[in-house]
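>>> Following is a predicted model, sequence given first.
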Amino acid sequence: MAAGPASAGAPSARAADGSGAILDTAFLRASHQGHLTEIAAGEDARKQASSACVRDIGAALVRDHTRMDADTRALADRLGVDLPAAPSAEQQEMLAGLMGRHGGAGYDAHWLTALTGAHEKTLTRIDAQLARGKDAQVTAAAKAVRPVVASHLDMVRGGKCRHSEGNGSGQEPGGTPESAPPRKPGQSHDSGGSHSSGDSAAPKAIHAGNGGQAATLAAGVPVAVAVPVLAVGGILVAAGAFWAASRLRRHDR
């Protein structure tokens, strides 16, 4: 979670009094658990999802929640708040339900539904912190991450995979973007460079099914096949022209 700048004299989550202080501490702990959960869910989607769009959103969750969790841990350390070592029991059950599907039928739809619920709960927790939190730094951190969490929810809301920037068109769960070639039986989702790796070079936005996937020609012929075909075709055309010119010269004689 992106922590706001420390303000002079701001009360800490440990020093503040009343329910607001309890909320501040609970928010930091729940945020850390939420980040751990969504990083794990994102990693699983990158490996198991059928849709390139879902895999790309999984990469975005890993990227964004890794960054936000680093800020959460730094803020908790400054305020003396101990953080849990693992997601909650409910979150672990959700992850087990995802991972246990092993990318089988219905995985993408189940993943989108699960992540919709997770992000809705996170937004509710953020709004509670903004309304009743006491620690200025914790509240600033909640305010900073709210747009990121809201954008994640927009990507998965309603069980449809969406662009984070674009026309808002959705993709049915389990569908494959038009520009993504069908996966061959036994082929790993990680092979062929068909999706973002989620590293530092990950795109700013999730362009699901556009640009990040293997390109295909309008007629549906993969570039890897079309390029040599075009090259051979050019040779054949040139050879045909040479043959015709030779016939004309012989005829003139």
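Alright, I've got the coordinates.

>>> hang on, residue 115 packs against residue 38?
Yes. Counting by CB atoms under 8 Å, residue 115 touches residue 38, with 7.4 Å between them. For the C-beta atoms, the positions are set from N, CA and C on the backbone; glycine is no exception.

>>> Residues that sit against both of those two, list them.
Residues touching both residue 115 and residue 38 (CB atoms under 8 Å, 6 or more residues apart in numbering): 61, 152.

>>> got the contact list for the residue lying closest to residue 32 once chain neighbours are set aside?
Nearest residue to residue 32 in three dimensions, chain neighbours excluded: residue 83, at 4.5 Å (CB to CB, 6 or more residues apart in numbering). With contact set as CB under 8 Å, 6+ apart, residue 83 has these partners: 28, 29, 32, 72, 73, 76.

>>> Closest one of these to residue 144?
Checking the contacts of residue 83 against residue 144 by CB to CB gives residue 72 as the nearest, at 10.9 Å.

>>> in a helix, that's where the closest one is, yeah?
Yes. Per DSSP: H, G, I helix; E, B strand; the rest coil, residue 72 lies within a helix segment.

>>> which residues in this structure form helices?
Using DSSP state H, the helices of the chain run over 18-48, 52-79, 89-99, 107-132, 136-156, 223-252.

>>> in stretch 98-115, what's buried?
Of all the residues in stretch 98-115, those buried under the rule 16 or more other CB atoms under 10 Å are 98, 99, 101, 103, 107, 108, 109, 110, 111, 112, 114, 115.

>>> Using CSV, write out every CA atom in that stretch.
Listed next in CSV are the C-alpha coordinates belonging to stretch 98-115 (Å, rounded to 0.1, in the frame of the first residue of the first chain):
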residue,chain,number,x,y,z
LEU,A,98,-8.7,-21.6,-7.0
MET,A,99,-5.5,-23.7,-7.0
GLY,A,100,-7.4,-27.0,-6.7
ARG,A,101,-9.0,-26.5,-10.0
HIS,A,102,-5.6,-26.8,-11.8
GLY,A,103,-6.7,-24.6,-14.7
GLY,A,104,-9.6,-26.9,-15.6
ALA,A,105,-13.0,-26.1,-17.0
GLY,A,106,-14.5,-23.0,-15.4
TYR,A,107,-11.3,-21.9,-13.8
ASP,A,108,-11.4,-18.4,-15.4
ALA,A,109,-15.0,-17.7,-14.4
HIS,A,110,-14.4,-18.9,-10.8
TRP,A,111,-11.2,-16.8,-10.6
LEU,A,112,-13.0,-13.6,-11.8
THR,A,113,-15.9,-14.2,-9.3
ALA,A,114,-13.5,-14.8,-6.4
LEU,A,115,-11.4,-11.8,-7.2
